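Student: okay, here's the prediction I keep looking at, along with the sequence it came from:
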Amino acid sequence: MKSRRLWMLAGLVAAGGAIWLLAFGGLNQNMVFFMTPSELQAGEPLPPGTSMRLGGRVKPGSVQWDAAQTRLRFVLTDEGAEISVAGSVAPPAMFREGMGVVVEGTYGPGQVFQADGIMIKHSNEYAPPGDGVDPSQTYRSLLESS
Amino acid sequence: MLGTLGYASLVAAFLGAAIGCWCGLKAGLDRTSDERVLRVCALAARRAAFFTFGAMSAAMLAMEAALLSHDFSVEYVSRVGSLETPAYYTAISLWSSLDGSILFWAWILSGFVALFAYSRRRDGTGSPLSGERGGLPHELRNTPLVVASCCIVGLFFYGLLLGPANPFGIVDPPPTNGPGPNPLLQNHPLMGLHPPMLYFGFVGMTVPFAFAVAGLIRGNVETRWLRESRRWMIAAWAFLTMGIIGGGWWSYEVLGWGGAWAWDPVENASLLPWLTATAFLHSSMVQEKRGMLKTWNLSLMIGTFLLTLFGTFLTRSGVLDSVHSFTEGVIGPIFLAFIALLSLASLALIGWRSDRLHAPGRIEGAVSRETAFLFNNLLLVGLTFTVLLGTMWPLVVEATSGDRISVGAPYFNQVSSPVGLALLFLMGIGPVLPWRRGAGAAARGALGRAGAAGAVVAAAALALGMREVIPVLTLLAAGFVICTIVEEFVRAIKARSLAGRSTVAAFLELFARSGRRYGGYVVHMGVVVIALAISVSWTWKTEREQTLFKGQRLAVGEYEIEFVELWTREEPHRFVVGASFDAYRGGSLLGRQDPRLNLYVRDPSQQLIATPAVASSLSSDLYLTLMAVDADNLEHATVKAIVNPGMAWLWAGGGIMGVGALLAIVPWGFRRRRAVPLE
């Protein structure tokens, strides 16, 4: 009887311990660093392959989009530093020059950031658009930039 | 006009809750006054609950009327409304922003309290008959105390609406038009479905919380009250389940990345209380049968409710963007203070009463139903802890080192899959084990057969090319669980057939007489179906991305798509550019698929929102997202094509869980009338 209770306790402790290990052991391996181009250039180099998110603005005039090969290159800037970004990803539909984006990937060889994905920085702030702006013009310019 | 009416209704609701709170506390706590006085107080508390619900309904209707009539003098309407938004999305924009969500939340809360008060109409607290002098009978104190506890939570929300989150503020002069709701929230009709489900689930947890508080104050939780609180919990849990699955479905149909769950903080926030509520639904059975775990169950009820508040705080205060951003709003700190206050008060109550709630029973066998429930609770609470840890870790790191990090989905997958797998196995083991003593020969036989069934399923998966450990083990567990559940049903139906019933009648009778037990098995079946769907789609999902010219084809899995043309369309509230593809499956034409990009004209950020095209079937979905278009000549389009097997089963599993929960709580009329000496 006693040994049974002991077994059960041992089982509970083992299961709890396993969850504890899983919880804390996995954290450090799965941390994604969030940086700006300036921080990436100024900071100590991270071990190669460290996944990170780089947030900045798409430098106007830097976007090269090869639709046939789905190769995208552009420069991400935060006014202090510039980082070249490349990836075999199509620009997400909302992608426009000059807008804030977050790219996820690794800072690879040749000072080029290899992007696996692009996220647009969403803003929850809303302000009505100014009067006199023809939405179809915005639409046109959007289509042209995509 | 509507704004003033709405605000006045909110004031009335606040006063109603204050009266309900005071009267409820007096009837529940006062031990010296005349019983007649206390019965009047208890009646007044219940009436106050109805009054508050009426006032909140008026406030909500005023807001809906303001939204639908585009009354931009109402502050909330000026922020989320627009003349171009279709009526359906205008009506549901009630929950598209913070203040409106709190209004909706508060309305549901008042509704739940009124429903509770109505359910207690015959318990004796409402009849001010003359009785003995000196306090209300102990068992009648439950009703007013539950109402009072709910009213305390209500006062917080109604107070928020009167002050910092007032949606009825007046804008003078009113603008002629507004920006419309967030484009992502007006892009799919499902938006009208899962947010209310989630709110009903979240807010529904208030009633079990109030039961727990009332139980702690009274220093006793009778089995009758425990059962009743459990019913409320199952109802809220069912809403939450449907809300979570529905949210996944919405995200799949709208966000365009081809998945349903990304371990986003908003998703995690809805999962946390679901996990602890699930733990309670299981551990409360141990208390019912054996009288143990009283304090633990009360803690789970309280913890679940606090997690709903905490989740709302996390996702609504902006704290996740940065530790420093949440102090910019007023709502965040207020929420945090309220959560802290409730946590401390609950801890104090538990500390004060824990000696009275000491359990008489103890676990006797190492392998028994109780132990299975104990492990189930350990795993569920452990999972809650790890999800909470992963969600909060970025805040911890930022606060301690200043680094900005996020914790990726791999962390959550890594932790949740072994724990989920263990839970799945327990789902097969638990029902087979007897209460109290170790497993007998019958249980061992059932486990052996179930193990064999699982092995067959796993072998089939291996033969079909499934190689990853966790999905194969998941299929093994699925076979194991299905076998035990089917055996439970077969055995029960056989027993009833011997008593002269037809198989169908016997099957229906199982739900009518032991709805909780067999409804629970149906829920388990739903979970198994979901686990199967996840493993299958995880293993066999294929994805390709390519730019196609007119007439060009792309093959993905057993599907093939041919790019036909690009087209544009102008609607009052948005511009749409779409790409038409002819989809083929195994060589035969499925039909035309039109993934689109939308631009909402009143959206100030002018972002293009993608709408994927999904062709669903029982075996797999073809999922197309338009990534980029050739704006100059409309000649080519870049498309991401995903073949997602088993997705339909994910939604179906959610539906099965909902049906099971319904079977478990519906009070079947003839359960009481006829008693058959079976079981």
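Tutor: On my side now, so go ahead.

Student: every contact and neighbour count from this point should use C-alpha atoms.
Tutor: Fine.

Student: show me where chain A has its strands.
Tutor: A:31-35, A:52-58, A:64-66, A:71-77, A:82-87, A:100-107, A:112-120 (DSSP state E).

Student: nearest to chain B, of those?
Tutor: strand A:31-35 (4.3 Å; C-alpha to the nearest C-alpha).

Student: strand partners (parallel or antiparallel) of that closest one?
Tutor: Paired with strand A:31-35 in the same sheet, following DSSP bridges, are strand A:52-58 (parallel), strand B:404-407 (antiparallel).

Student: tabulate the strands of chain A (CSV), appending distance to B:G3 and mean neighbour count.
Tutor: Listed next are the strands of chain A as CSV, based on distance: least, C-alpha to C-alpha, whole Å; neighbours: other C-alpha atoms under 10 Å in any protein chain shown:
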stretch, distance to B:G3, mean neighbour count
strand A:31-35, 43, 20
strand A:52-58, 41, 24
strand A:64-66, 50, 14
strand A:71-77, 45, 21
strand A:82-87, 50, 20
strand A:100-107, 37, 22
strand A:112-120, 36, 18
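
Student: dump those to JSON lines, plus mean pLDDT.
Tutor: Output for these, formatted as JSON lines (pLDDT from 0 to 100):
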{"stretch": "strand A:31-35", "mean pLDDT": "82"}
{"stretch": "strand A:52-58", "mean pLDDT": "83"}
{"stretch": "strand A:64-66", "mean pLDDT": "81"}
{"stretch": "strand A:71-77", "mean pLDDT": "87"}
{"stretch": "strand A:82-87", "mean pLDDT": "88"}
{"stretch": "strand A:100-107", "mean pLDDT": "82"}
{"stretch": "strand A:112-120", "mean pLDDT": "80"}
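
Student: okay, these in TSV with distance to B:L548 next?
Tutor: Output for the strands of chain A, formatted as TSV (distance: least, C-alpha to C-alpha, whole Å):
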stretch	distance to B:L548
strand A:31-35	34
strand A:52-58	26
strand A:64-66	13
strand A:71-77	14
strand A:82-87	19
strand A:100-107	25
strand A:112-120	21
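
Student: of all these, which one is nearest B:S110?
Tutor: With C-alpha to C-alpha, the closest approach to B:S110 among these belongs to strand A:112-120: 38.7 Å.

Student: and the closest one, what does it pack against?
Tutor: Packing partners of strand A:112-120 (3 or more C-alpha pairs under 8 Å, 6 or more residues apart in numbering or on different chains; DSSP states H and E): strand A:82-87, strand A:100-107.

Student: ok, now which ones touch the residue in the stretch 301-450 of chain B positioned nearest to chain A?
Tutor: Of all residues in the stretch 301-450 of chain B, the one sitting closest to chain A is B:I405 (4.3 Å; C-alpha to the nearest C-alpha). B:I405 sits next to A:M31, A:V32, A:F33, A:F34, B:P394, B:V397, B:E398 when contact means C-alpha atoms under 8 Å, 6 or more residues apart in numbering or on different chains.

Student: now name the helix or strand holding the last one.
Tutor: What that stands for is B:E398. Per DSSP states H and E: B:E398 is located in helix B:369-401.

Student: now that helix: buried residues?
Tutor: Buried residues in helix B:369-401, counted by 16 or more other C-alpha atoms under 10 Å in any protein chain shown: B:369-396, B:398.
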